[in-house]
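**Student:** okay, here's the prediction I keep looking at, along with the sequence it came from:
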Amino acid sequence: MTSRMARKTVSVVSQWSSRVFSVELDGSSHYFAIQEKRAGGEAPGIFRLKAQRYERCYSLLVCGEDRVRTARSYWELRDKLTGHLSPGCDLSPMTSFLPNVKGSLIRGYFFSDNSQSRGQTERLLQTLTCSDPVLVCSYSKCEDGQMWRQHLWPAADTQLVEMPTDYYVVPSEPPAYHPSVLNIINSDVFYSFEEAHEVLEKCGDIIPEAKSVVELLPNRAEARSKPDFPVIVIEGLDATGKTTLTESLRDTLGAVLLRSPPQCLAPWRARFDREPPLIRRAFYALGNYITAEQIGQQGMKTPVIVDRYWHSTAAYAIATAVTGPLSNLPAEGSEVYRWPSDLLKPTLVVFLTVDPEERKRRLRNRGLGKTAEEEELDHNQLFRLRVEEAYRRIIGPACIAVDASPSADQVLQQVLLLIRGKCYL
Ligand SMILES: Nc1nc2c(ncn2[C@H]2C[C@H](O)[C@@H](COP(=O)(O)OP(=O)(O)OP(=O)(O)O)O2)c(=O)[nH]1
Ligand SMILES: Nc1ncnc2c1ncn2[C@@H]1O[C@H](COP(=O)(O)OP(=O)(O)O)[C@@H](O)[C@H]1O
């Protein structure tokens with residue numbers, strides 16, 4: 001571990017008493033803080049939930065310096081923990097952050113050990129290695145069974161400064177903003193070509209395919225003028241009828257049909273879908289910039305229809321980053337929902353909506369396989385609601401919802417009316 005990385009872990013630990021910890025369990029966030037002095041009162045929720053069954057809980061926080069490496073270390077830690085935890089251990093995503101301080105979020109895991117062999121868990125923790133430093137803490141009940149204490153596991157770098165290794169765990173009020181909101185800008189959602197490009201450039205030595213993607217990127221020096229013809233984006237959850245409608249619009253309007261990510265990225269899409277959000281979303285963001293370049297060229301000659309674009313990228317990223325109920329989403333009007341200033345803006349964005357049961361029927365009829373995200377949409381209603389709400393909150397331009405439950409032809413006629421009213425086609 002380099003001294004720079006050691007400094008990072010030390011700085012995180014030295015902020016312990018100002019940090020809040022959140023553990024996601026069953027769609028809810030449980031918050032706690034730690035302090036050096038004992039205080040009365042109840043143990044934090046996550047410990048009360050767990051206290052009934054577990055004597056010992058652990059947390060691991062990834063404290064790397066470089067965000068690309070740290071994102072992959074977090075993924076790596078997940079695989080190691082899920083692959084080696086003893087039966088009877090529960091694993092939950094965890095974060096530590098300074099309330100309202102952007103960039104302060106560090107991610108990790110919280111797990112409760114109810115296994116028969118505690119020694120196996122401790123051996124796993126002692127042998128756990130990661131590309132980045134991982135701060136390991138254990139939590140144990142105080143003698144009176146009421147309070148819990150956090151113990152810092154002996155790690156070489158934290159010996160650099162004298163600090164108490166035991167802290168008392170106390171409940172913490174939910175922060176004004178869900179902790180994931182602290183890191184959304186240019187980590188889950190990218191608001192400039194340069195930001196997304198920088199991530200893919202940094203991936204080159206760990207993901208060889210990233211070099212092939214970077215080679216396909218447009219030269220951003222040429223600022224493109226606004227297309228002469230209308231650009232109509234069709235958005236919607238899977239199986240709402242985008243493909244059917246976009247192909248009919250192409251034929252009816254004599255338009256060019258494009259999609260994002262563009263066909264040229266198809267060979268690497270599954271590869272990047274396996275990466276952590278930081279890298280995956282940078283890939284999709286760059287896909288939008290390549291599609292924007294194609295729109296700029298085609299839009300000088302003919303109307304352009306686009307199957308998914310910025311709304312898909314931002315809505316899925318926000319709805320994935322922010323867990324739990326809709327109230328956890330950044331408020332309407334937040335900068336999170338704004339359109340990137342350097343990404344070509346379409347004339348019109350249509351958002352197809354369909355009753356969930358009808359959508360599932362169409363998904364079954366379509367017969368194609370489902371991506372992990374489509375699976376998630378199906379069995380996680382909260383995720384689907386967050387995706388739909390994020391779509392609705394995105395502005396610059398906002399999307400116009402169209403009920404896609406009627407027949408394909410009726411939906412086509414309705415959208416043509418909208419287009420002719422808006423784009424004078
Ligand atoms: N196109 C696109 N899809 C994204 C993005 N972020 C997440 N996704 C998810 C949405 C869907 O669950 C999944 C499938 O996207 P596509 O529309 O490209 O594939 P496909 O046309 O088969 O999906 P469909 O069911 O027709 O909407 O990828 C993004 O930035 N762009
Ligand atoms: N308006 C509609 N009414 C009934 N079925 C539809 C309609 N539009 C599309 N479908 C059918 O629903 C399934 C999904 O449509 P598709 O266009 O592939 O959606 P998407 O591209 O959004 O995933 C396909 O089997 C398609 O034939």
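**Tutor:** In hand now; what should we look at? Ligands and ions are numbered 1, 2, ... in the order given.
**Student:** CA atoms for contacts and neighbours, from now on please.
**Tutor:** Will do.
**Student:** quick one: contacts for the most centrally placed residue in the chain?
**Tutor:** Central residue of the chain (CA atoms, centre = their mean): A321, 3.3 Å from the mean position. Residues in contact with A321, defined by CA atoms under 8 Å, 6 or more residues apart in numbering, are S180, V181, I184, D188.
**Student:** residues from this protein in reach of ligand 2?
**Tutor:** 238-244, 362-363, 365-366, 404-408, 411 (CA under 6 Å from any ligand atom).
**Student:** one step back: please report how far the residue nearest to the centre of the chain lies from ligand 2.
**Tutor:** 23 Å (CA to the nearest ligand atom, to the nearest Å).
**Student:** narrow the residues of the chain next to ligand 2 to those in helices?
**Tutor:** Residues of the residues of the chain next to ligand 2 located in helices (DSSP state H): K242, T243, T244, R362, L363, N365, R366, A408, V411.
**Student:** so which of those residues is the closest to K141?
**Tutor:** K141 lies nearest to L363 out of these, by CA to CA, at 49.1 Å.
**Student:** count of residues packed around the closest residue to that closest one other than its chain neighbours?
**Tutor:** Once flanking residues are discounted, L363 sits nearest to A239: 5.2 Å by CA to CA, 6 or more residues apart in numbering. Neighbour count for A239, taken as other CA atoms under 10 Å: 22.
**Student:** contacting residues for A239?
**Tutor:** R359, K360, R362, L363, R366.
**Student:** ok, G41 next?
**Tutor:** Per CA under 8 Å, 6+ apart, neighbours of G41: none.
**Student:** roughly how far apart are it and ligand 2?
**Tutor:** Distance from G41 to ligand 2, by CA to the nearest ligand atom: 52 Å.
**Student:** wasn't that residue part of a strand?
**Tutor:** No - under the criterion used here (DSSP: H, G, I helix; E, B strand; the rest coil), G41 is coil, not part of a strand.
**Student:** what's the spacing between the helix or strand hosting S312 and its chain's center?
**Tutor:** Using DSSP states H and E, S312 maps to helix 310-321. Distance of helix 310-321 from the chain centroid (CA atoms, centre = their mean, to the nearest Å) equals 8 Å.
**Student:** and the next helix or strand past it?
**Tutor:** strand 348-353.
**Student:** tell me the secondary structure at R271.
**Tutor:** Per three-state DSSP, R271 ends up helix.
**Student:** how much space separates it from W75?
**Tutor:** From R271 over to W75 the distance is 14 Å, taken as CA to CA, to the nearest Å.
**Student:** so those two - more neighbours on which side?
**Tutor:** Taking other CA under 10 Å, R271 and W75 do not tie; W75 has more neighbours (16 against 13).
**Student:** ok, which of the ones in helices among the residues of the chain next to ligand 2 also contact ligand 1?
**Tutor:** T243.
**Student:** relative to W153, which of the ones in helices among the residues of the chain next to ligand 2 is nearest.
**Tutor:** Using CA to CA, those come closest to W153 at L363, 48.8 Å.
**Student:** picking up where we left off before, just the contacts of A321 now: which is nearest I395?
**Tutor:** I184 (16.6 Å).
**Student:** the residue of the stretch 251-400 of the chain found nearest ligand 1: neighbour count?
**Tutor:** Nearest to ligand 1 in the stretch 251-400 of the chain, going by CA to the nearest ligand atom, is T313, at a distance of 3.1 Å. By other CA under 10 Å, 23 other residues sit near T313.
**Student:** ok, it - contacts?
**Tutor:** So, once contact is read as CA under 8 Å, 6+ apart, T313 ends up touching V189, R281, Y284, A285.
**Student:** and the first one, what pLDDT?
**Tutor:** So that's V189. According to the prediction, V189 has pLDDT 97.
**Student:** neighbours of it, how many?
**Tutor:** 28.
**Student:** could you measure from it over to ligand 2?
**Tutor:** Counting by CA to the nearest ligand atom, the gap from V189 to ligand 2 is 22 Å.
**Student:** touching, that residue and H311? I think so.
**Tutor:** No - with contacts counted by CA atoms under 8 Å, V189 stays clear of H311, the gap being 10.8 Å.
**Student:** which residues in this protein form helices?
**Tutor:** Going by DSSP H, the chain shows helices at 3-14, 45-51, 67-84, 118-127, 193-203, 209-215, 242-253, 266-273, 277-298, 310-321, 356-366, 372-379, 381-393, 408-423.
**Student:** coming back round to it: which among the residues of the chain next to ligand 2 count as buried?
**Tutor:** Neighbour counting by 16 or more other CA atoms under 10 Å classes D238, A239, T240, G241, K242, T243, R362, L363, A404, S405, V411 among these as buried.
**Student:** return the residues in contact with the fifth one.
**Tutor:** K242 makes contact with I234, E235, G236, D307, L352 under the criterion CA under 8 Å, 6+ apart.
**Student:** need the pLDDT of it.
**Tutor:** 98.
**Student:** next one: the first one
**Tutor:** At D238 the predicted local distance difference test score is 92.
**Student:** now do the same contact list for it.
**Tutor:** D238 is in contact with R359, L363, E374, counting by CA under 8 Å, 6+ apart.
**Student:** of the residues you listed, which is the nearest to ligand 2?
**Tutor:** Nearest to ligand 2 among those, with distances taken as CA to the nearest ligand atom, is L363, at 5.7 Å.
**Student:** how far does stretch 8-20 sit from its chain's centre?
**Tutor:** For stretch 8-20, the distance to the chain centre is 24 Å (CA atoms, centre = their mean).
**Student:** near ligand 1, which residues of the stretch 101-250 of the chain?
**Tutor:** So the stretch 101-250 of the chain meets ligand 1 at L237, D238, A239, T243 (CA under 6 Å from any ligand atom).
**Student:** do that again at 5 Å, thanks
**Tutor:** Residues of the stretch 101-250 of the chain lying close to ligand 1 (CA under 5 Å from any ligand atom) are D238, A239.
**Student:** before we move on, the earlier item: among the contacts of T313, which one lies nearest to R69?
**Tutor:** Nearest member of the contacts of T313 to R69, counting by CA to CA, is R281, at 15.3 Å.
**Student:** do I have it right that that closest one meets N186?
**Tutor:** No - the pair R281 / N186 is not scored as a contact, 9.3 Å apart, by CA under 8 Å.
**Student:** higher neighbour count, the two?
**Tutor:** More neighbours surround R281 than the other of R281 and N186, with 25 against 17 (other CA under 10 Å).
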